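1. Here you go, sequence then predicted model.
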Amino acid sequence: MHATLGELMLDLVQNAIEAKAHTVGVVMTTAGSRCSIHIRDDGCGMDEATLARALDPFFTNGEKHANRRFGLGLPFLKQQMETVGGTLEIRSEPGAGTTVDFAFDRTHLDAPPFPDIPGTVLTMMNFSGDYELLFKRQDGESAYEVSRNELLEALGGMNTTDELSLAKQYLRGLDEEFTTLS
């Protein structure tokens with residue numbers, strides 16, 4: 001079973017928020033058939049021993065996911081990157097947060113399918129909690145960035161159907177313009 005790129009990113013962002021991050025940055029870069037994802041948070045971070053165990057599907061610290069006896073996010077991502085000949089690098093430091101970088105060739109037969117980027121970003125921005133999410137998508141000279149806090153301020157929130165519809169429309173417009181320029 002393979003996850004979409006959107007599911008992989010959503011899992012990592014949710015992990016960051018649950019790790020008490022105040023700011024989560026997501027950079028999605030495409031260059032030809034290569035796709036790279038960089039996710040950085042300023043959450044609680046992990047020590048070396050916890051980081052080493054974080055890739056074990058049967059490990060969980062019991063704090064972030066109190067009702068789960070296992071953690072599949074990072075091990076699943078590792079397995080998926082190994083399957084497609086991609087790369088995965090995780091750096092973390094207690095009190096300083098975690099950075100996850102992964103990259104793969106989008107033309108590989110088992111590459112994670114590309115998601116609805118605007119829908120994925122909107123979902124990331126709607127996880128509960130008080131955090132800033134900075135999302136950037138780039139390909140060569142073309143790029144766009146969006147900030148959760150700026151979007152919340154402009155819309156007055158993202159709770160009503162009208163607010164969510166406007167946010168989705170704005171994100172779709174950014175992505176369509178980006179796709180046209182790339």
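-> Yes, it's here. Computed from a predicted model, the values in this text were never measured in an experiment.
2. contacts, neighbours, all on C-alpha from now
-> OK.
3. Tell me which stretches of the chain form strands.
-> Shown for the chain, the strands assigned by DSSP state E span residues 23-31, 34-41, 87-93, 97-105, 132-139, 142-147.
4. Which helix in the protein has the most residues?
-> If you go by DSSP state H, the chain has its longest helix at helix 161-181.
5. From the chain's centroid, how far away is the lowest-mean-pLDDT helix or strand in the chain?
-> One helix or strand of the chain scores below all others by mean pLDDT, DSSP states H and E: helix 48-53, with a mean of 87. Centroid displacement of helix 48-53 relative to its chain, using Cα atoms, centre = their mean, to the nearest Å, is 21 Å.
6. Tell me which residues touch P115, please.
-> The neighbourhood of P115, defined by Cα atoms under 8 Å, 6 or more residues apart in numbering, consists of 4-6.
7. circling back: the longest helix of the chain to strand 132-139, inter-axis angle?
-> 30 degrees (axes from the mean of the first three to the mean of the last three Cα atoms, to 10 degrees).
8. And helix 161-181, what does it pack against?
-> helix 117-125, strand 142-147, helix 148-155 (3 or more Cα pairs under 8 Å, 6 or more residues apart in numbering; DSSP states H and E).
9. can I get the strands of the chain in JSON lines with mean neighbour count and mean pLDDT?
-> As requested, the strands of the chain are arranged in JSON lines below (neighbours: other Cα atoms under 10 Å; pLDDT from 0 to 100):
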{"stretch": "strand 23-31", "mean neighbour count": "19", "mean pLDDT": "97"}
{"stretch": "strand 34-41", "mean neighbour count": "20", "mean pLDDT": "97"}
{"stretch": "strand 87-93", "mean neighbour count": "16", "mean pLDDT": "96"}
{"stretch": "strand 97-105", "mean neighbour count": "20", "mean pLDDT": "97"}
{"stretch": "strand 132-139", "mean neighbour count": "19", "mean pLDDT": "97"}
{"stretch": "strand 142-147", "mean neighbour count": "15", "mean pLDDT": "96"}
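10. Many thanks, we can stop here.
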